[in-house]
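Peer 1: Structure, please.
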Amino acid sequence: MNTTIQAILNRRSIRNFAATPLKQEEIDALVAAALASPTAMNRQLWAFRFITSQTLIAAMNDAALCHFRETGDQATLVRIAARHESIFYGAPLLVVIAMPAGAGRYAPIDAGIAAQNLAIAAQSLGLGSCIIGMASASFAGAGGQTILNQMDWPEGYEFAISIAIGHPAMTKEAHEIHPEKVRQIR
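Peer 2: A predicted model of the protein is given here:
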């Protein structure tokens, strides 16, 4: 089987990372994979923030947890506490993908494709990843603008998706597959 298909089949959502920082060559390879992501009409509207500052990642985590507490989202808080102390699972790299507000129906798809490119690229480098939508809560509260400023957030853009990447500190079985959901039409 070719290495790309093998990376897709072996990739898991990792929810515990070693504190080991990524090498610059690994980050550069991930940047290249992100920028190679296809987009609708090749518009390339996304903006990426590759965050290795553990101080900023911790602030984003704290802001998200604060938002969940303020909104009374106890179910999410319980789910997070059962998995890890951070919604980013101790990852040494967090990639946040932003899209222009009102960019149209293809913008979320383009962001998802970029997240998948990053996930597969990380797997091919021997790294783990976890795609995290709840990072949007980091920007919802009173401290959200401060965090956006620290990220040099582009004017008129909004959070699309994020992906935590690092060296896995856990293993995980493959999720259950459902071949009955596939129909080949001839």
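Peer 1: Every contact and neighbour count from this point should use C-alpha atoms.
Peer 2: Noted.
Peer 1: Sketch out the strands for the chain, chain order is fine.
Peer 2: Ranges of strands within the chain are 47-51, 93-100, 128-132, 157-166, based on DSSP state E.
Peer 1: Including distance to residue 179, could those strands go into a markdown table?
Peer 2: As requested, the strands of the chain are exported to a markdown table (distance: least, CA to CA, whole Å):
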| stretch | distance to residue 179 |
| --- | --- |
| strand 47-51 | 34 |
| strand 93-100 | 31 |
| strand 128-132 | 23 |
| strand 157-166 | 27 |
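Peer 1: And the pLDDT at the closest residue to residue 160 other than its chain neighbours?
Peer 2: Counting by CA to CA, 6 or more residues apart in numbering, residue 160 lies nearest to residue 98, which is 5.0 Å off, once chain neighbours are set aside. Note for residue 98: predicted pLDDT of 97.
Peer 1: coming back round to it: residue 80: which of the strands of the chain is closest?
Peer 2: Checking these against residue 80 by CA to CA gives strand 128-132 as the closest, at 11.8 Å.
Peer 1: Tell me which other helices or strands the closest one touches.
Peer 2: Helices and strands touching strand 128-132, by 3 or more CA pairs under 8 Å, 6 or more residues apart in numbering; DSSP states H and E, are helix 107-124, strand 157-166.
Peer 1: Would you format the ones you listed as JSON lines with mean neighbour count, mean pLDDT and distance to residue 7 included?
Peer 2: Shown next, in JSON lines, are the helices and strands packed on strand 128-132 (neighbours: other CA atoms under 10 Å; pLDDT from 0 to 100; distance: least, CA to CA, whole Å):
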{"stretch": "helix 107-124", "mean neighbour count": "22", "mean pLDDT": "97", "distance to residue 7": "6"}
{"stretch": "strand 157-166", "mean neighbour count": "24", "mean pLDDT": "97", "distance to residue 7": "15"}
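Peer 1: okay, these in CSV with distance to residue 80 next?
Peer 2: Listed next are those as CSV, based on distance: least, CA to CA, whole Å:
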stretch, distance to residue 80
helix 107-124, 21
strand 157-166, 15
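Peer 1: State the distance from residue 46 to residue 39.
Peer 2: Separation of residue 46 from residue 39 (CA to CA, to the nearest Å) stands at 9 Å.
Peer 1: Give the intersection of the neighbour lists for those two.
Peer 2: Common neighbours of residue 46 and residue 39 (criterion: CA atoms under 8 Å, 6 or more residues apart in numbering): residue 110.
Peer 1: Go ahead and flag the most central residue of the chain.
Peer 2: In the chain, the C-alpha nearest the mean C-alpha coordinate belongs to residue 163, at 1.3 Å (CA atoms, centre = their mean).
Peer 1: for this protein, what helix or strand is lowest in average pLDDT?
Peer 2: Counting by mean pLDDT, DSSP states H and E, the chain has its least confident helix or strand at helix 74-83, which shows a mean of 89.
Peer 1: Alright, I will stop here.
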